[in-house]
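> Dropping a prediction and its sequence here:
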Amino acid sequence: MAYRNPAERGDRLFQGILGKWFLEQGHAHEALKWLMPLIGSGFNVEEAIAEACELLARTDPQHKAEAE
């Protein structure tokens, strides 16, 4: 988790990398924590955010309505 320290210090590149890594590991909540602040900042995270929301909808009924 060498990326966590720079991400926590606000390095947007590392936040994106960390968010996408968490998504690849199936941790949608944690991925969204890092990816959501990057919306509109020039980083291409919208597709990853959509994927995380879909994953949440499949695994957590509470999020199904939000994803739709």
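Ah, there it is.
> Is it correct that residue 15 is in contact with residue 7?
Yes. If you go by Cβ atoms under 8 Å, residue 15 and residue 7 touch, sitting 4.5 Å apart. C-betas here are computed from N, CA, C, even on glycine.
> between these two, what contacts are shared?
Shared contacts of residue 15 and residue 7, defined by Cβ atoms under 8 Å, 6 or more residues apart in numbering, comprise residue 34.
> Between those two, which has more neighbouring residues?
Per other Cβ atoms under 10 Å, whichever of residue 15 and residue 7 has more neighbours is residue 15, with 25 against 20.
> chain center to the stretch of helix or strand that one belongs to: distance?
Element membership of residue 15 [criterion: DSSP states H and E] is helix 12-24. Distance, stretch centre to chain centre, for helix 12-24: 7 Å (Cα atoms, centre = their mean, to the nearest Å).
> So which bits of the helix or strand following it are buried?
Sequence-wise, the next helix or strand downstream of helix 12-24 (DSSP H and E) is helix 28-35. Buried residues in helix 28-35, counted by 16 or more other Cβ atoms under 10 Å: 28, 30, 31, 32, 33, 34, 35.
> residues contacting residue 61?
By Cβ under 8 Å, 6+ apart, residue 61 has no neighbours at all.
> Next one: residue 47 from residue 53, what distance?
Distance, residue 47 to residue 53, by Cβ to Cβ, to the nearest Å: 11 Å.
> I misspoke; the intended subject was residue 8.
Residue 8 is 24 Å from residue 53, by Cβ to Cβ.
> Pick out whichever of the two has more residues nearby.
More crowded of residue 8 and residue 53, by other Cβ under 10 Å: residue 53, with 18 against 12.
> wait, isn't the more buried one in contact with residue 28?
Yes. Using Cβ under 8 Å, residue 53 makes contact with residue 28 at a distance of 7.5 Å.
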